[in-house]
Structure formats: structure tokens, C-alpha cells
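# when you get a sec, could you give me coordinates for this:
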Amino acid sequence: MTSVAALPDARLHVVFVDGTNGEVHLKSFLNSPTINGTVRGSTRSGDLRSGASHPRGSSVAEWGRLGTDTMYDAIREHGVWVLD
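Below you'll find the model as predicted:
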């Protein structure tokens, strides 16, 4: 990835090195009781700015442990990756 930006309502906008870009929708995932206690409160409430990062000098953007390969495939095919 070349960039990742936090958007309102628990969404991320990501851009990959080949120009593929789209959104990651995390609201359902963050509201799931199965992750209760595993994600910081600010992130669960939809403030992704504290969790999204793009390491300096890296071609990979990270957000916790989300897999970029799965993200890329979904965004390339549908323009969006919705985590449930």
C-alpha cells in the first residue's frame, strides 16, 4: 500500500502501489461482541486514526492485524472490503 487514511464512520481509504484503491468498512466488525476487549475503545467507536499507520520507508500500510492480501483482492473486485 502507498497510503491509508481514516474516514468517518469506521472506514479506511487505502491506495495500493498499482493504483488500486477503495474503502475498508469496519463498523460491523468493530461492533461485534466477539472482539469485545480486544480492540481499544477509541477504535471500537470508529476513531481509526489511532490504529491506522503507514510505516515510514515501507510499502505496506498496516491496521492492526488486517491482512493486506485479502483486502487488496476484495477492493480490486468490488471497490470495497466489508469486514463483518
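# what about residue 8, distance to residue 2?
Relative to residue 2, residue 8 is positioned 22 Å away (Cβ to Cβ, to the nearest Å). All C-beta atoms are positioned from the backbone trio N, CA, C, and that covers glycine.
# continuing past the longest helix along the chain, what's the next helix or strand?
Selection of the longest helix in the chain by residue count, based on DSSP state H, yields helix 68-78. Sequence-wise, the next helix or strand downstream of helix 68-78 (DSSP states H and E) is strand 80-82.
# got the buried residues for that following strand?
Of the residues in strand 80-82, those buried by neighbour count under the rule 16 or more other Cβ atoms under 10 Å are residue 81.
# just checking, residue 17 touches residue 72?
No: if you go by Cβ atoms under 8 Å, residue 17 and residue 72 don't touch, sitting 9.9 Å apart.
# between the two, which has more neighbouring residues?
Each of residue 17 and residue 72 has its neighbours counted (other Cβ atoms under 10 Å); residue 72 has more, 18 against 10.
# can you pull the contacts of that one?
16, 20 (Cβ atoms under 8 Å, 6 or more residues apart in numbering).
# let's see 6 Å
By Cβ atoms under 6 Å, 6 or more residues apart in numbering, the residues touching residue 72 are residue 16.
# from residue 34, how far off is it?
Counting by Cβ to Cβ - residue 72 and residue 34 are separated by 24 Å.
# quick one: the helices in this structure, in order.
So, for the chain - with DSSP H - the helices run 27-30, 41-44, 68-78.
# can you give me the strands for this structure?
Remark: strands assigned in the chain by DSSP state E are 3-7, 11-15, 21-25, 52-53, 62-63, 80-82.
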